[in-house]
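Chemist: let me see the structure of the following:
(chains A and B)
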Amino acid sequence: METITIGGTDAKGRVKTPFFHRPYVVAAVFLLPFLIVFGVFRIWAVANAVVMSFQEMEGIGVAQWTGFDNYLRLLSDSTFFTALRNTAFYTIGTLLILIPLPLVLAAVLRSPLVARASAFRSTIFLPVLTSLVVVGVVFSLLLATNGLMNSFLDLFGVPPLRWLEARNLAVPAMILMAVWRWTGINVIYFTTGLANIPGDIYESASVDGAGAIRKFWNISVPLSKPIILFVTVLTIFGGMQLFVEPFILWGTGGGPGQGGLSVVVYLYRTAFTSFSLGYASAIGVVLALIIITLSLIVLRAFGFFKRD
Amino acid sequence: MSNERESYGHMTAEPHDRVVLAEPAEAEPGRRADRPPLRHDRWHRAWTFRRKKIITTAIVVVVAVAFLIPFYWLLISALRPANRVFADAGQFFPTSITLSNFQALFQETPVLVWFANSVILATGTVVGSLVVVTMAAYALAKLEFPFRNAIFVGVLASQMLPFHLLLIPLFVLMINLSLIDTHLGVILPTLAHAFGLFYMRQYILGLPQDVFDAARVDGASEYRIFFGIVIPMVKPAMATLAIIFSLEQWNDLLWPLIVMRSEENYPLAVGITSLVGLYRARWDLVMTASVIAVVPIMILFFLMRKQFINGLGKIGTGGK
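Modeler: Now for the predicted structure:
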C-alpha cells in the first residue's frame, strides 16, 4: 500500500508539517468562516445592542451617552406596557392551546382509530409552510367583519364580531391564526416523542387494565415531558417575539386602541419610524431579558437543571 | 370501566387485541359469567372498534377540512373579480371566477422580480450556510483543538438570544458596511445558523470512525478527508438543512423588510407587505401575490413530503 507523506523532512530527519496542515491551523481553517460570521452578526451585535440601549442616536453614527435614561423612560411608557400586556396574553393563549391540542391530536393520529393518519398529519402540516405574511393576509379576509368567520358564526345565530376592529378581539384573532399556523409542526414534534416511548410500557398498562385515556394521561403525557418542555420554550420565544401578524393586520399603528400592538412592532415603530435607535435598543434588551428569564423559569420548573 | 377495558386493545399501535382479550377474562373469572360468550364478544368488539374508528376519523376529517379552509380562501379570493375580493369575503362560493387579477399583478407590480429576489436570497442563504456550517461542524466533530467544547456550547447557548435584539445593531452595521438594500446584507446575518451547526455536528459524529482512520492511515490530509469523505457522506443532512434554511429565508419578513429599501430588491414577503401597506383596497393584488408566494413551497412539499416533515420535525427532537 502506498503511503503519502505530506511535507518533507528537515536536516535532522524530523517530519516537517507544512503550515496549513498543522493540526490547529487545520482546525482554524475549518472553524473560522463560521466563527467570523457568528462573532460579527451575533456576539458583536448583541454587545452593541446593550451598548446602544445606554445611548441616544442623533443620526447614524452620532451617539450620545444617556445612562439609564432609556430604561427610566421605558418604566413610565404606557404604550410599552400595553404592548407587553398584549404580547403576554397572546403568549399565554398560544401556550394554553398549542400544547394540549397537538398532543391529543398526535396521540389520536397514532392510534389505530384513525384511517390514513399520515395524510391528516400532512394536511395540518401545510400551514407550517405558509409565510406568516400570507397567513396575515388570508386571515384579514377570513376575520373581516363581513368575512367567512362571521358568516360561519351566523349559522349558529352569533351576531357578527368585529375581530380586527375591536380592541379586545385583536389578541384572540392572532391566537386563532397561531393555532392554524403552528398546530401541524407541534403535532409532528409530539408524534416523534410518542414514537420513542417503548411499546411494552403500554402493553403492561393494558394488562393492568388501564384504558386509553388513562394510558394517555399516565404514560404518554409524563413521558413526553422533554418534548413538552421544548415546545413550551419554543412557544414562549415565538409568542413574545410576535411581529408579522399584527404588522400585516394593522401596520405599525397597533390596531384598534393599540389592542394589536406587540412589543416587537413597538420596537420596530420606535426604531424605524421614530428613529429612536437607543430607546428601541432598550426595548429590545428588556424584552430579551423577559424571554430569557421566562425560559429559565420554565426549564427549572421542568427539572431541566437537575442532575440525575 | 368495562367500556374502557374494551377499547384499550385497539388504542395501542399493534393489532394484538385478541391476546389481551383472553388474559383479563381469565384473570377475573368472576366477571366471565355475566358476559356474552366469547364468539359474540369478539364480534361485538370488532363492531365497536369499527364504530369508534368511523367516529374518530370523521372528527379528524372535520379538523383537517377546517385547516384547509384558509388555503381555499386564499385561492378563491385571488380568483374573484377585483372589486369582489373584499366585498365577498363572507361568500363561501364565488359568483364568478377570473384570472384577470393575475394579469393586473404582472402589469402593476414587479412580482417576477420579487420572486427572483426570493429565489436569490434563499439560494444564497442555503449555499452560504451549508458551506460555513459543514466546515465548522467537521472541525467540532472530528478535530482536536483547545476550547472545542466551549465553542460548541457557546454557539448553542446563543440560541437563547432572540433575533429582535440584533435588529438595530445589525441595521447600523449594514449602513456602515454599505450593505443596505443589497442581497448580501440580507444573507450575511443568516449564515451563522446555530441549529444547523448542531445538527451537522451530530450527523458527522454518527459517521463510522473507521473510514476516517483508514483515510488518515493512508496519509490523506484533513482537507482531502473533508472533500472526499465528509461532503459525500453528509449529503442527506445537507438536504435536510437546505429545506430548513430555504423555508426560513423564503418566509422571513422582518430582516429583509429592514434591509431592502427599493422595490426592485424586495423579496415576495416584503413585496406583499408593501401592497398591503400601500394599497389598502387592492386586495386583488395582495391575494394573487400571496398565491405566487405559497404555490412553489407547496409543490416542493408534495414532491418531498417525507424530507420536509422529517427535516422540520428534527428541530424538535434535537436532531436525532
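Chemist: and whichever residue of chain A sits closest to chain B, how far from A:Lys225?
Modeler: Residue of chain A nearest chain B, by CB to the nearest CB: A:Gly211 (2.9 Å). Where you see a C-beta, it was placed from the backbone N, CA and C, and this is true even at glycine. Taking CB to CB, to the nearest Å as the measure, A:Gly211 falls 22 Å from A:Lys225.
Chemist: can you pull out the helices in the stretch 101-250 of chain B?
Modeler: B:111-142, B:148-157, B:164-176, B:183-187, B:194-205, B:209-217, B:222-225, B:231-233, B:235-251 (DSSP state H, counting those that start in this stretch).
Chemist: still on that earlier bit, quick check: phi and psi at the residue of chain A closest to chain B.
Modeler: phi -90, psi 180 (degrees, to the nearest 10).
Chemist: quick check, pLDDT for it.
Modeler: Note for A:Gly211: predicted pLDDT of 84.
Chemist: what's the burial count for it?
Modeler: For A:Gly211, the neighbour count with other CB atoms under 10 Å in any protein chain shown is 19.
Chemist: repeat that for A:Ile43.
Modeler: A:Ile43: 16 neighbours (other CB under 10 Å).
Chemist: what about the helices in the stretch 1-150 of chain A?
Modeler: Using DSSP H, counting those that start in this stretch, the helices found in the stretch 1-150 of chain A span residues A:23-38, A:45-52, A:69-75, A:78-98, A:100-110, A:117-125, A:132-142, A:148-154.
Chemist: closest to B:Ser274 out of the ones you listed?
Modeler: helix A:132-142 (10.5 Å; CB to CB).
Chemist: report the angle between the closest one and helix B:235-251.
Modeler: Orientation check (axes from the mean of the first three to the mean of the last three CA atoms, to 10 degrees): helix A:132-142 against helix B:235-251 gives 50 degrees.
Chemist: ok, helix A:132-142 near chain B or not?
Modeler: Yes. With CB under 8 Å from any CB of the partner chain as the criterion, chain B is reached by helix A:132-142 at A:132-139, A:141-142.
Chemist: where does the stretch 51-200 of chain A dip in pLDDT?
Modeler: Applying pLDDT under 70 to the stretch 51-200 of chain A flags residues A:58-61.
Chemist: again, 50 this time
Modeler: Within the stretch 51-200 of chain A, no stretch has pLDDT under 50.
Chemist: how far does stretch A:18-35 sit from the chain's center?
Modeler: Centroid separation between stretch A:18-35 and its chain, computed with CA atoms, centre = their mean, to the nearest Å, is 35 Å.
Chemist: again, but for stretch B:68-80
Modeler: Centre to centre, stretch against its chain (CA atoms, centre = their mean), the figure for stretch B:68-80 is 22 Å.
Chemist: hmm, that stretch touching chain A?
Modeler: Yes. For stretch B:68-80, a contact with chain A is found by CB under 8 Å from any CB, at B:68-71, B:73-74, B:77.
Chemist: is stretch A:198-207 in proximity to chain B?
Modeler: Yes. Residues of stretch A:198-207 contacting chain B under CB under 8 Å from any CB: A:199, A:202-203, A:206-207.
Chemist: adding neighbour count, write those out as TSV.
Modeler: Converted to TSV, the residues of stretch A:198-207 next to chain B look like this (neighbours: other CB atoms under 10 Å in any protein chain shown):
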residue	neighbour count
A:Gly199	12
A:Tyr202	21
A:Glu203	16
A:Ser206	23
A:Val207	14
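Chemist: could you identify the most distant pair in those?
Modeler: With CB to CB as the measure, no two of the residues of stretch A:198-207 next to chain B lie farther apart than A:Gly199 and A:Val207, at 12.8 Å.
Chemist: hang on, the earlier thing: most surrounded residue in the residues of helix A:132-142 next to chain B?
Modeler: Neighbour counts for the residues of helix A:132-142 next to chain B (other CB under 10 Å) peak at A:Val134, which has 29 neighbours.
Chemist: just how off-centre is the helix or strand that contains B:Thr288 within its chain?
Modeler: Following DSSP states H and E, one finds B:Thr288 within helix B:283-303. Remark: helix B:283-303 is offset 16 Å from the chain centroid, using CA atoms, centre = their mean.
Chemist: swap in stretch B:113-121?
Modeler: 19 Å.
Chemist: then stretch A:150-169?
Modeler: Taking mean C-alpha positions (CA atoms, centre = their mean), stretch A:150-169 and its chain are 29 Å apart.
Chemist: mind listing what's buried along it?
Modeler: Of the residues in stretch A:150-169, A:150, A:161, A:163-167, A:169 count as buried by neighbour count, 16 or more other CB atoms under 10 Å in any protein chain shown.
Chemist: and those residues as TSV, adding secondary structure and distance to chain B?
Modeler: TSV is the format used below for the buried residues of stretch A:150-169 (DSSP: H, G, I helix; E, B strand; the rest coil; distance: CB to the nearest CB, whole Å):
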residue	secondary structure	distance to chain B
A:Asn150	helix	6
A:Leu161	coil	12
A:Trp163	coil	12
A:Leu164	coil	11
A:Glu165	coil	14
A:Ala166	coil	17
A:Arg167	helix	20
A:Leu169	helix	17
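Chemist: good, we can wrap up now.
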